[in-house]
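Student: Here's my sequence, what's the structure:
(2 chains)
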Amino acid sequence: MDASLPAHMRPERSFQGFILALQRFWAEQGCVILQPYDMEMGAGTFHPATTLRALGPKPWNAAYVQPSRRPKDGRYGENPNRMQHYYQFQVIMKPSPPNLQELYLKSLAAIGIDSAVHDIRFVEDDWESPTLGAWGLGWECWCDGMEVSQFTYFQQVAGFECAPVAGELTYGLERLAMYVQGVDRVYDLNFNGREGDAKVTYGDVFLQAEQEYSRHNFEVADTAMLFEQFKMAEAACRKYLDAGWREGGNSKQHLMALPAYDQCIKASHVFNLLDARGVISVTERQSYILRVRELAKACGEAWIHTEAGGAA
Amino acid sequence: MPDLLLELFSEEIPARMQGKAADDLRRMVTDKLVAEGLVYEGAKAFATPRRLALTVHGIPARQPDLKTERRGPKVGAPDAAVQGFLKATGLKSLDEAKIQRDPKGDFYIGLIEKPGRDAIDVLAEILPVIIRTFPWPKSMRWGARSGKPGSLNWVRPLHAITATFGLETEEPDVVKFEVDGIESGQTTYGHRFLAPAAISVRRFEDYEAKLLDAKVVLDPERRKDAILTDAKQLAFAQGFELVEDPNLLDEVAGLVEWPVVLMGSFEPEFLATPGEVIRATIRNNQKCFVVSDPKSTDKTGKLANKFILVANIEATDGGKTIIAGNERVIRARLSDAKFFYETDLKTKLEDRLPKFEQIVFHEKLGTQAARIKRIERLAAEIAPLVGADVAKATRAAHLAKADLLTEVVGEFPEVQGLMGKYYALAQGEDASVAAACEEHYKPQGPADRVPTDPVSVAVALADKIDTLVGFWAIDEKPTGSKDPYALRRAALGVIRIVLENQTQISLREVAWGHLERSYGKQYLEVAEKLDDLMVFFEDRLKVQLRDQKARYDLVDAVLNTGSLVQGHPIVAVVRRVEALGKFLDTDDGKNLLAGTKRASNILSIEEKKDKRLFDGAPDASLYTLGEEKALARAIDEVTAEARAAVAKEDFAAAMSVMAELRPPVDAFFDKVRVNDDDPKVRENRLKLLNEIRSATRAVADFSKIQD
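Tutor: Here you go, the predicted structure:
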C-alpha cells in the first residue's frame, strides 16, 4: 500500500480509493486500464475486452471496472450484501503470465490485505458460462473464509479453444471493500473516504437505485416489449454478422464483429430481465440460453477473422 | 540400491483430487519400473495442495541384460527377407545366426543380446511420459506455450519438477528430462506465505525435513493427525467436544500445507436453527468443524456456538484477524440459513405438494406427485401388516417428500428428511408422522439406523418397494457396477427393516398387489418380473446373511425349499436358517444329515445305474423287515408334523420333530440291505430312501448343506 496517499484515498477508508489502488496496481503490471463498457451486462466477462480479446493469438493485458447487472438479485435495498447492480473489477492477461498468482497476491497487498495476518487460499472452482459457451479452470480465492475473487484460466470462449490461454481475475469490489473497511452492510461503505458532512456512503449513491430497479425488474418491466427486444437483438446480431463477412483472396475476413457482439450482450441482458419477471418457464429457459450462446459463438467466429482477433 | 525422489510442484491442486493423484503417480511409476525389469523395494506417494511427491527406494542401478531369440526366414529365403532379418536383429551376417529345424523346414534364429540400461536413463525416459499422460479428472493448458499444439495438460499450471536418483551415501544425480519447457532439477519451494524461498534437495529424507523447516507438512496423514489432535484439544480446553467429520478432515487437510487450528464463535441466537442446518452451513460453505456442548442435556449432542477453522498460516497477530474474518462470514451464512428456515416454516408441507405435478421423477414412472400417491396407497396397505395406524401412515407418506421443495433442503440436500421432520412437528403433526418424514429414507447405508416406529416402517417399506417394483416393471435393473437409482441399497434397506423389526410380510404378495393397483394392466402379464425381483431380494439377503457370518449353505438349503419367489416372508427364511443351524449342532441333527446324505448318495448311484428315478410312494405290502416298516411309519408321522410346524412358522418344533427321524433312519441303515436280490424289494427300498429325502425337504434341502 502506498503510504503517501492522503487518508481519504486509502483503500481501507474509501471505496473509490480502493478501486483506484487496484487500477494503479494493474496499470503498473502493463495492463491497459479501460473504462466500463457502455452496455448493461451480467458480469465483467461479457465486456468485449474479455470475451472477444480472449480469443486469437495476440497478447492482451487489460483491467477495468464493470458495473454488473443481475436483475434477479435485487432485494429492494433490504439485503445487506445482495444487489441487482454491483461492481466487478476485471483483469485479463493473455497469455497468462507464469507469476499470475503472485501478481494477484500483490494486488491484495495493494488494497490492504496483508498475507502475514490474513489466511488466503485458492479453493477449487471451475468456471463455466453456458451463455458464452466458455469454460475454464481455476479457483475461488478465499480471504479468511470469504470468497473475494475468481481466478480462471480460460480454456474455451465462444466455443473456441483459447490459444494461448488467458488468465482472468474477477474481484467482487463491494464485498472486498466491506471487508477492508470493516462494515457489515454494503450501503454503509464509505464511498469517498471523507468524514462528517463530506462523507458519501455507498447507500447515498445506490440505495434509491436498488429500490427503484428492484421494483422495475420484478414488477413493472414491460415483458411484451422485452420479448420483442430479445428477438430484435437476436435478428440484428445475425444481420450484422452476415453483413460483415468479406471474402478476400484465399482468406475470409470479418468487418463488424464488435457491433454484432453488442447485440449478443443486449439479448443476454434482456433475457435476464425476463427471467427476473418470472415469465420464462424452466424448459424455455434452456432454449433462451442456447440462443444467446449461438450468438456468442457466431460473434467469436467473426472476431477471430478480424485484425485484433488475429486474422492474417 | 539407489532411490528415486520425484516432486511435481504446481499451483493449487483441488483437495478432492490429491489422494487419487498420489496413488496414480505411485502406481504409474512403479508399474513402469517393473515393466522395465527394475524391481524396487518400496514406494510411497504424498500430496499437498501444491505438490505431488513420490519416493521409490531400492531400485537396481541397472536393468538386467536381456537375451531373446528371434526366428528369421527359412534357409534359402529371398535376399530381401534375409536383409530384413539382419536389420531387425542387428546381426552382421547370417554366419552369426543359428539354424533350427522344425517340421516346416530349416530357419535362421538370431540371438539378440540387449544389454540392460542404467536405471537413471530408463527413468529419464518414463517420467516425462507419465507426466504427459497423467490421468487428472480435469486438466488445463496455460501460459504462452498453450498457443501451440501439443502443450502440456496438467491439473493447474506446473512450475517445477524435482527428480533425483542415487544411493544414500552419495550425492544423487538429477534424472534429466524436460516437459513443456520445464527442466527437471533439485529445486523446490516452501510454504507460499511462510517460507516461499527456493530449497535445494538431494533425496527424500532431506526433502521431507527441509520442507518441514519451510512450513510444509508433506504427508497428508500427518496433517490430518495434527488437525484432529489440535481441534480436539482446543474444543476440550473450553469444555466442548469436537464433532468429528472424517470427510471434512480429508478435504481440509488438502487445503493447507501448514495447518493452524483456530476457534471462533457465533451469536448463541443462531442455535435456535436446527443443529444439522448449522452444521451443514458451517461445513459445506466454510469448511469448518462444529463443536458440541456435552453439558447440554440433549442426547443428540447439542451444538455450542463455536466453530473450528483450519488456517494455512501462522499469523503474526496470533490468528485474531483470521478468526474475526471467518466469524463475519459464518455470521452472514447463518443469517441466510436462519432466514431460509424461517421462510420454510411459513408454508405448510401439504401446500408445497402441487408443485410435484411439474416435476418428473422418471420419464416412464411419471411425476413426483404420481409417485407420492403410489407410496401413500402402498403405505396404507402395509400399515396393518406392521402394526401401524393406517391414517398416520397415509398422512406421513403424503408429507414425507414435501421438504424436497423447501429452501433449506434446496441449499443443503443432505438434510432432506430431517427438515421434513422439523417442519412437520412445527405444523403440529403427530410425532410418528413427523418421525416418518425423516426415517422413511432409512437405512441409507450399512451403518445407518433402521426405523422401528411402525409408521416409519410402513412408509420406509412403501417408499423402497414402490421404487423397486417400478424400476423392475420398466426393466431398469442394476447391472454390474451401474445402479444409478440405488436399487441395491433399497432392497437391502427392505431386508434390514423387516429383519430388525421381525416383520411378517410376504414381499411377493405386497409387491404383486402394488404392481396390480398402482402400475396398471400393462405390467400384469409380467409375473416373471416379480419373480426376478424376488430373486434379486434373495441375492441381497444372501449377501446380508453372509456379512452376519451365517452359513451360506444353510441359506441355500432353506431358500431351495421355501423361497421369497414362493411368497415366503424374509423373517421366516432367516428364522428357519437359524433353527436349522442349531439343529445341525446337535447329535440328532448331525446324524440325520449323515443319514439323509447316505440315502441321497445311494440313490444317486442307483439312479444312475438304472437310469431312472425312484420317486413315487413305496408299496407297504413289500416291506419285509421291521426296520422298514418303522421307518415308513416315522416318515409319515414326521412329515405331517414337521409340515404343520413349518406352517405355524415354529421352526424349532419342526426341527425337533425331524430329530425323531434319526433312530429309525439309523436302524434302517444298520439292519436293512437296500440292494436286495429281489428287484421289487430293492426298488421299494430305494423309494423309501427317496422318502427320507422328501421328508427332510419339509424343513430344508439337505443336499445343499456342506459337512
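Student: near chain B, which residues of the stretch 1-150 of chain A?
Tutor: A:57, A:80-81, A:95-98, A:101, A:115-124, A:126, A:136-139, A:143-146 (CB under 8 Å from any CB of the partner chain). (Glycine included, C-beta is placed from N, CA and C.)
Student: So which of these sit within strands?
Tutor: Counting by DSSP state E, those place A:120-124, A:136-139, A:143, A:146 in strands.
Student: With pLDDT as added columns, please give those residues in CSV.
Tutor: CSV is the format used below for those (pLDDT from 0 to 100):
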residue, pLDDT
A:I120, 97
A:R121, 96
A:F122, 97
A:V123, 95
A:E124, 95
A:G136, 96
A:L137, 97
A:G138, 96
A:W139, 97
A:C143, 95
A:M146, 92
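Student: Can you add neighbour count and give these back as JSON lines?
Tutor: Shown next, in JSON lines, are those (neighbours: other CB atoms under 10 Å in any protein chain shown):
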{"residue": "A:I120", "neighbour count": "22"}
{"residue": "A:R121", "neighbour count": "22"}
{"residue": "A:F122", "neighbour count": "24"}
{"residue": "A:V123", "neighbour count": "17"}
{"residue": "A:E124", "neighbour count": "20"}
{"residue": "A:G136", "neighbour count": "24"}
{"residue": "A:L137", "neighbour count": "25"}
{"residue": "A:G138", "neighbour count": "25"}
{"residue": "A:W139", "neighbour count": "24"}
{"residue": "A:C143", "neighbour count": "23"}
{"residue": "A:M146", "neighbour count": "21"}
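Student: would you list every one of the helices in the stretch 251-400 of chain B?
Tutor: B:275-280, B:286, B:320-345, B:349-352, B:368-386, B:390-399 (DSSP state H, counting those that start in this stretch).
Student: Let me know which of those is the nearest to B:L152.
Tutor: Of all the helices of the stretch 251-400 of chain B, it is helix B:286 that lies closest to B:L152, at 34.2 Å by CB to CB.
Student: Give me the mean pLDDT for that closest one.
Tutor: Here helix B:286 scores 92 as its mean pLDDT.
Student: so does it get close to chain A?
Tutor: Yes: applying CB under 8 Å from any CB, one finds helix B:286 in contact with chain A at B:Q286.
Student: Next, the residues that contact that helix from outside, please.
Tutor: If you take CB atoms under 8 Å, 6 or more residues apart in numbering or on different chains as the criterion, helix B:286 is touched by A:145, B:307, B:309, B:326, B:329-330, B:333.
Student: what do you get for stretch B:539-546?
Tutor: Taking CB under 8 Å, 6+ apart as the rule, stretch B:539-546 contacts B:488, B:491-492, B:495-496, B:499, B:552, B:555-556, B:559, B:564, B:570, B:573-574, B:577.
Student: can you check stretch B:162-180 too?
Tutor: Contacts of stretch B:162-180 (CB under 8 Å, 6+ apart): B:1-7, B:9, B:59, B:119-120, B:123-125, B:127-128, B:131-132, B:145, B:151-152, B:158, B:161, B:183-188, B:201-203, B:207.
Student: what about it, distance to the chain center?
Tutor: 40 Å (CA atoms, centre = their mean, to the nearest Å).
Student: Of the contacts of stretch B:162-180, just the buried ones, PyMOL syntax please.
Tutor: Listed next is the PyMOL selection for buried residues among the contacts of stretch B:162-180, using 16 or more other CB atoms under 10 Å in any protein chain shown:
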select buried, chain B and resi 2+3+4+5+6+7+9+59+119+120+123+124+127+128+131+145+151+152+158+161+184+185+186+188+201+202+203+207
